[in-house]
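Chemist: Let's see this in three dimensions:
(one chain, ligands or ions: 1)
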Amino acid sequence: MKKFITENKSFTITVIDHAKDGKPLHCRNGHEIGDTYTCEYGCPMPTNGCGGFCSKTMTNLYRLKEIVYANGDLRILGFPNNHDIEFFCPDGAVKFRMQIHDLAGIHPLTAEHLPQYAEVIRRSFATVAKDFGLTRENCPDHTSFVTDERLASKVKDGYFPFGLCVGETIFGFASLTDMSDGVFEMNDVSVLPEWRHYGYGKKMIDFCKEKVKELGGSKITIGIVDENAVLKDWYAANGFVHKETKNFDGLPFTVGFMEWSAI
Ligand SMILES: CC(C)(COP(=O)(O)OP(=O)(O)OC[C@H]1O[C@@H](n2cnc3c(N)ncnc32)[C@H](O)[C@@H]1OP(=O)(O)O)[C@@H](O)C(=O)NCCC(=O)NCCS
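Modeler: Numbering: from 1, shown residues only. The predicted structure is shown next:
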């Protein structure tokens, strides 16, 4: 097997009971309290020499894992939360606890990460270029064509690049630039296409809002392709208010300016 994707979730499944109505039951598969399994996208592997899951339990387990991977809400099925749940095997003989770990975290980046985050930005904005017909010829300054050198020129005091990472792999990006008087510009908000629609974009924005407050700021400004109605609505749903539009020489689209205020 040669895995080509960095997984963003992992699961720990532990046997916590094998009794029904207070009477101890013995699972045909031999599960005992404390047996623990871990997995990412694939099958759960035992961590303490225990056996495996029966196919009936696997059908339950995979259904739950698929809900997690689809960013669904386990609470709809009656579970109390989306990260630590308990469920029985279909025979009601064994009770499991499943802990769901999100391996993605947001971290400050440095110049040494620049080649990797530059690629994340270019690949992310390539879908915008495609959607709006932007090419090197009609819009050479579009973010999808940004060079490492241009990104390097932004690195100075008051510039804060952040990466959405699993381990050393960066798959999302956002930067804040201190514009003084408590105002921060948020730029290059990116999530690689294969990682979209899992809430990571919102996670990046929420992180930036908290970071701005932590840095003593109170306002975030952004500039977007104003014709991008989906993006505009998304920022509005995330608390950004549309302020104005401007046209710039060399940009074949209108730039819309939006703002979020902490107060
Ligand atoms: C905007 C972006 C960061 C959102 O990332 P994400 O991880 O998918 O964000 P979330 O999961 O929190 O939210 C998803 C929502 O974003 C909105 N959205 C905004 N731009 C989008 C785009 N280009 N493609 C798809 N959805 C987009 C949709 O409303 C989507 O809702 P849906 O999942 O119900 O379809 C990502 O689409 C991206 O990198 N786009 C290209 C670069 C860009 O336009 N950045 C913003 C520049 S100001």
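Chemist: in the chain, which spans are strands?
Modeler: For the chain, the strands defined by DSSP state E occupy 9-17, 19-20, 23-24, 36-39, 45-46, 84-88, 95-102, 105-108, 159-166, 169-178, 183-191, 219-225, 241-247, 254-261.
Chemist: Pick out the shakiest of these, pLDDT-wise.
Modeler: In terms of average pLDDT, strand 23-24 trails the rest of the strands of the chain, at a mean of 71.
Chemist: helices or strands next to it in the packing?
Modeler: With contacts defined as 3 or more CB pairs under 8 Å, 6 or more residues apart in numbering; DSSP states H and E, strand 23-24 has no packing partner among the helices and strands. Bear in mind the C-beta positions are built from the backbone N, C-alpha and C, glycine included.
Chemist: Could you save the strands of the chain as TSV and add columns showing mean neighbour count and distance to the ligand?
Modeler: Below are the strands of the chain laid out as TSV (neighbours: other CB atoms under 10 Å; distance: least, CB to the nearest ligand atom, whole Å):
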stretch	mean neighbour count	distance to the ligand
strand 9-17	17	15
strand 19-20	14	41
strand 23-24	8	45
strand 36-39	17	24
strand 45-46	13	29
strand 84-88	16	22
strand 95-102	17	13
strand 105-108	14	12
strand 159-166	21	9
strand 169-178	22	7
strand 183-191	21	4
strand 219-225	19	4
strand 241-247	11	13
strand 254-261	17	9
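Chemist: So which of these is nearest residue 210?
Modeler: Comparison of those against residue 210 by CB to CB identifies strand 105-108 as nearest, at 9.9 Å.
Chemist: got the contact list for the closest one?
Modeler: Strand 105-108 is contacted by residues 160-166, 172, 203-204, 207 when judged by CB atoms under 8 Å, 6 or more residues apart in numbering.
Chemist: That one pairs with which strands, and in what direction?
Modeler: For strand 105-108, the paired strands and their directions (DSSP bridges) read strand 159-166 (antiparallel).
Chemist: Give me the angle between the strand it pairs with and strand 169-178.
Modeler: The directions of strand 159-166 and strand 169-178 differ by 160 degrees, with axes from the mean of the first three to the mean of the last three CA atoms, to 10 degrees as the criterion.
Chemist: hang on, the earlier thing: dump the strands of the chain to TSV, plus distance to residue 52.
Modeler: Formatted as TSV, the strands of the chain follow (distance: least, CB to CB, whole Å):
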stretch	distance to residue 52
strand 9-17	11
strand 19-20	21
strand 23-24	21
strand 36-39	8
strand 45-46	7
strand 84-88	17
strand 95-102	13
strand 105-108	31
strand 159-166	27
strand 169-178	30
strand 183-191	36
strand 219-225	49
strand 241-247	54
strand 254-261	49
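Chemist: Which residue, neighbours along the chain excluded, lies closest to whichever residue of the stretch 151-263 of the chain sits closest to the ligand?
Modeler: Per CB to the nearest ligand atom, the residue of the stretch 151-263 of the chain with the smallest distance to the ligand is residue 201, at 2.4 Å. The shortest distance from residue 201 to any residue other than its chain neighbours is 5.1 Å, reached at residue 191 (CB to CB, 6 or more residues apart in numbering).
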